[in-house]
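K.L.:
next input, structure requested:
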Amino acid sequence: RSNHSWLQTVWLRGHFHHESIRLNRSLNPSDRLRVRKMHPFPLSISNCDDYDAQKEFAKEFLKLYYTIVKYPKPGEKSMLSEQCLLTYHQVNSWFKNRRSRDRDHPPELPTYDPDEVESTLTDLREMFGELEEEGVTEELELAMKMEEAERLDLMKSEDGSN
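P.N.:
Down below sits the predicted model:
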């Protein structure tokens with residue numbers, strides 16, 4: 001494995017050279033990307049297992065971090081790039097793209113039928129009478145009302161933006 005990077009470089013340079021001769025011009029970055037996609041490394045010099053596992057880890061780690069911080073500071077991005085073995089630019093782009101996707105297709109909030117909510121609360125009160133004494137059902141009702149209000153606000157903002 002110590003020669004993998006050298007062998008990968010030789011592999012790519014050979015395919016880049018062949019493609020530049022075929023096109024009769026030097027390759028631009030999109031040409032190079034296309035060549036890398038068309039000619040993946042053979043398994044004998046590939047870091048496939050490591051790469052796929054690292055890619056999956058980075059994606060899950062960034063998703064988790066995004067649920068906490070949607071706009072990380074530059075220092076946080078540097079820390080994330082080190083943790084995920086990505087460049088600062090890749091981390092920065094990932095967050096920009098994720099925020100853009102969330103704006104274009106916001107995650108759907110659950111909708112509740114008021115009758116269903118009331119029957120559920122009634123069932124809860126019957127099953128756990130002590131909860132009402134502790135004020136838990138009021139907290140549950142408040143939480144469900146807040147979720148419904150957020151959903152309505154989201155629908156209003158979508159209607160206003162169209």
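
K.L.:
in this structure, which residue is most central in space?
P.N.:
Geometric centre of the chain, nearest residue: Lys63, 4.4 Å, by Cα atoms, centre = their mean.

K.L.:
tell me which helix or strand that residue sits in.
P.N.:
Using DSSP states H and E, Lys63 maps to helix 48-68.

K.L.:
re earlier: do you know how far the residue nearest to the centre of the chain is from Glu82?
P.N.:
For Lys63, the distance to Glu82 equals 18 Å [Cβ to Cβ, to the nearest Å]. For glycine as for every other residue, the C-beta is placed from the backbone atoms N, C-alpha and C.

K.L.:
ok, now Ser157?
P.N.:
If you go by Cβ to Cβ, the gap between Ser157 and Glu82 works out to 37 Å.

K.L.:
and for Arg25?
P.N.:
As judged by Cβ to Cβ, Arg25 and Glu82 stand 38 Å apart.

K.L.:
same thing with Tyr65?
P.N.:
Noted for Tyr65: a distance of 13 Å to Glu82, by Cβ to Cβ.

K.L.:
got it, and Phe16?
P.N.:
30 Å.

K.L.:
go through stretch 142-153 and flag the buried ones.
P.N.:
Met144, Glu148 (16 or more other Cβ atoms under 10 Å).

K.L.:
ranking helices and strands of the protein by mean pLDDT, which lands last?
P.N.:
Here the helix or strand of the chain ranked lowest by mean pLDDT, DSSP states H and E is helix 129-134, holding a mean of 52.

K.L.:
quick check: nearest residue in space to Met38, chain neighbours excluded?
P.N.:
Using Cβ to Cβ, 6 or more residues apart in numbering and skipping residues adjacent in sequence, the residue nearest Met38 is His15, 7.9 Å away.

K.L.:
doesn't Arg99 make contact with Lys70?
P.N.:
Yes: judged on Cβ atoms under 8 Å, Lys70 makes contact with Arg99 at a distance of 6.4 Å.

K.L.:
what's the burial count for Glu116?
P.N.:
Counted by other Cβ atoms under 10 Å, the residues lying close to Glu116 total 9.
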